[in-house]
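> Pasting the sequence and the predicted coordinates here, then a few questions.
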Amino acid sequence: MSPRTRNSRATTRRPPARRRARRPGRRRQRAGDRLTGLLVIAVFALALVVTVVNWLLAHWWFLAVAGALAVLAGGARLHRRQQETRWEAVRAQGLRYDLSQLDALHHSRFEDAVRDLMRRDGCHDATRVGGGGDLGADVKATDPYGRRWVIQCKHRRDGLAGSAVGTPVLQVLNGTARQVHGADVAVIVTNGRVTAPAIAFAKQQHLHVVDRHTLEVWASGSRPLWELLRAVPPPRKPTTLS
C-alpha cells in the first residue's frame with residue numbers, strides 16, 4: 001500500500017464522538033424547583049386555613065346556622081326514609097296478584113313477584129337469585145320460624161296451555177336445594193301444569209309443588225305459603241308466631 005493511500009485513509013477517518021458530560025446541576029435545580037413549589041403550595045394552604053379559621057371565629061353565628069341546617073337536613077332525610085319504610089310495609093301487606101297478571105309477566109318478573117310474595121308473608125330477607133348458573137334456586141328466603149326456603153320458578157306464558165313441568169325439573173331441585181343451598185323447604189312454583197309423575201316424585205322426595213291453583217290462592221290472598229302447603233318442616237327456633 002502506497003503512502004498516499006495510507007494518508008488519504010487517515011484523513012478520511014472521523015474522530016471518535018465525544019460523550020457529552022452529564023450535568024448533575026440541572027437535576028439538582030429541577031429538584032430544588034419542585035421543592036420550592038411544594039413549599040409555596042403548603043404555605044398558601046396553611047394561610048388559607050388560618051384565614052378561614054379566623055373568619056369562622058369572628059363569625060361564630062355562621063357555624064351555628066350551618067350546624068342547625070345540617071341537623072334539619074339529617075332529620076328530614078331520616079323522616080323520609082322512615083316514611084318510605086312504612087309505605088313499603090303497607091304495600092307489602094296489601095300485595096295481591098291475580099293469575100292474568102302473573103301470566104303476562106316476563107319470567108324474571110315472575111321470579112320478582114314470588115320474592116315479593118315471600119316478603120309479604122314476613123320473609124324480610126327474600127332475594128331473587130335466578131339466572132345463569134343458579135343451580136335450581138330462583139328465590140331464597142327465611143321465614144319468621146327460621147326455616148330456609150329455596151324456590152324454583154317455572155313461568156309459562158300460556159298458563160295451563162303451556163308445557164307442563166316435568167320430573168327433570170324436580171330432580172334438579174332435589175339435587176341442589178338441600179345439599180347446595182341448605183334448604184329446609186324446597187318448592188317449585190309455576191303458573192302452569194305439573195305432570196303426575198313429577199307430583200309423585202315430589203311427594204317421595206319431600207318437595208313441595210305450588211301449581212296454578214295453589215299459586216292463585218297464595219297470590220290473591222293474605223295467607224302465607226307455609227299455611228297452604230302440607231308437611232312443612234317444624235320451626236327451627238321458637239318465635240312469637242310459633
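Everything's here; your move. Residues are numbered from 1 along each chain as shown.
> from here on, contacts and neighbour counts on C-alpha atoms
OK.
> pLDDT weak spots in the chain?
By pLDDT under 70, the low-scoring segments of the chain are 1-25, 79-93, 130-134, 237-242.
> What segments of it are helices?
For the chain, the helices defined by DSSP state H occupy 3-12, 24-58, 60-93, 99-103, 107-120, 167-176, 196-204, 212-220.
> list the contacts for Asp112?
Asp112 makes contact with Arg128, according to Cα atoms under 8 Å, 6 or more residues apart in numbering.
> Could you check how far it is from Ala104?
From Asp112 across to Ala104, the span is 13 Å (Cα to Cα, to the nearest Å).
> swap in Lys203?
Taking Cα to Cα, one finds Lys203 at 30 Å from Ala104.
> do Cys123 as well
25 Å.
> With Ala42 instead?
The value you get for Ala42 to Ala104, if Cα to Cα is used, is 65 Å.
> the more surrounded of the two?
Ala104 (15 against 12; other Cα atoms under 10 Å).
> My guess is the more buried one contacts Arg157. True?
Yes. Using Cα atoms under 8 Å, Ala104 is in contact with Arg157, at 6.7 Å.
> roughly how far is stretch 177-185 from the heart of the chain?
22 Å (Cα atoms, centre = their mean, to the nearest Å).
> do the same with stretch 29-47
For stretch 29-47, the distance to the chain centre is 46 Å (Cα atoms, centre = their mean).
> again with stretch 210-220
That offset, for stretch 210-220, works out to 29 Å (Cα atoms, centre = their mean).
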